[in-house]
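> what's the 3D shape of this:
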Amino acid sequence: MRLIRDWSELPTDRLPGALTIGNFDGVHRGHARILQRLVQRARLLSGPAIVFTFDPHPVRILRPNLAPPPLTWTDRKAELLAEQGVDWVISYPTDEALLSLTPEAFFQQIVVERLGARVMIEGPNFFFGRGRSGDISALRQLCDRASVELEIVAPLVVGDQFVSSSRVRNLIERGDLDAACALLTHPYRIRGMVTHGAGRGARIGFPTANLSAVDTLLPGVGVYAGRALVEGNAWCAAINVGPNPTFQEQALKVEVHLIDYHGSLYGATMEVDFLTRLRDIHPFKSVDELKLQLAEDVTRAAEFVTDWDARQLVHSTIRNP
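Numbering: from 1, shown residues only. Purely as a prediction, here's the structure:
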């Protein structure tokens, strides 16, 4: 997979291909449905499957006070798109010049002149151009004029609702990681820098890596089971998102206990997958009571992650016998 951030990096000798345009925040199962068709059509063309996305999301420039925290950072999004078979991810620098283009100008400059797309794959709620003034009907007219085939992929419905980035975001904010993971193509992941904390965890036998500079949405306050990825290795983890009320601390923190890890991680970049929520956060009457609860959290986290890995192996075997 090639991540392209500038037109000068575009390997034009491999064009034309199949194209989809969108934010693809989180890369959920609804996105996967579009991407599956994108890859299929690209293979028939013997050209690349191309995702054109925006960095940052246009709303961060147009209405920054209304911009929700993203679900993925650019490199992570590209990884997830690559897992779906995408060949090129164009992460286009969003600026006022791009956002001021009319739908017709955007289509002509990006779709026709730059990418020479033969096929476009989109969902029915696609909007483009200045002020999101271009809709799927306008796109169809432009595609017809330019002899670009347009395929509309029906949205995915799970339960009684469409799968969308907004729906996933709401679940994560509520701490319902089981439901969120069921809609995503991969467990929800954040990243941050390991920094010094108060050191209380280490003193009571449960050292934690304190994450700062997290640039994506944090799950709701609670204790979670998940996986920590650092320095090329993965560890089962118990994760605390929230304050430390037992010690009268109200600041929101992300503290990750890597199960059976021994060593120092200060200064390292850590990525954390959230798999399920274990419990609420509440104050304990004593440090001993807290230690008993932490021991239970660690046991439950390790068991859950081990069981989750086993289930994924079974599912993978079924899909790829």
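
> what are the ranges of the helices in this structure?
For the chain, the helices defined by DSSP state H occupy 29-45, 59-62, 74-83, 96-99, 103-106, 136-146, 165-174, 177-183, 200-203, 287-319.

> L211: which of the ones you listed is closest?
With respect to L211, and counting by CB to CB, the nearest of these is helix 200-203 at 13.2 Å. Where you see a C-beta, it was placed from the backbone N, CA and C, and this is true even at glycine.

> Now that closest one: average pLDDT?
Taken as a whole, helix 200-203 has an average pLDDT of 74.

> I figured I50 was touching I90, is that so?
Yes. Using CB atoms under 8 Å, I50 is in contact with I90, at 6.6 Å.

> Buried ones in stretch 89-107, by neighbour count?
Within stretch 89-107, the residues that count as buried by 16 or more other CB atoms under 10 Å are 89-92, 94, 98-99, 101, 103, 106-107.

> again, but for stretch 245-259
246, 253-259.

> can you tell me which of the residues you listed are in strands?
253-258 (DSSP state E).

> ok, of the buried residues of stretch 89-107, which one's closest to N125?
Distances from N125 to the buried residues of stretch 89-107, taken by CB to CB, are shortest for P103, at 15.0 Å.

> Contacts only, for the closest one.
128-130, 133-134, 138-139, 142 (CB atoms under 8 Å, 6 or more residues apart in numbering).

> May I see the PyMOL selection of the buried members of the residues you listed?
Remark: buried members of the contacts of P103, expressed as a PyMOL selection using 16+ other CB under 10 Å:
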select buried, resi 128+129+134+138+139+142
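
> Same list, the contacts of P103, but as CSV with pLDDT and distance to N170 please.
Output for the contacts of P103, formatted as CSV (pLDDT from 0 to 100; distance: CB to CB, whole Å):
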residue, pLDDT, distance to N170
F128, 94, 25
G129, 93, 28
R130, 93, 29
S133, 94, 27
G134, 95, 27
A138, 97, 30
L139, 98, 28
L142, 98, 33
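
> What is the nearest of the contacts of P103 to R279?
Nearest to R279 among the contacts of P103, with distances taken as CB to CB, is F128, at 44.1 Å.

> Would you mind measuring from the closest one to A154?
19 Å (CB to CB, to the nearest Å).
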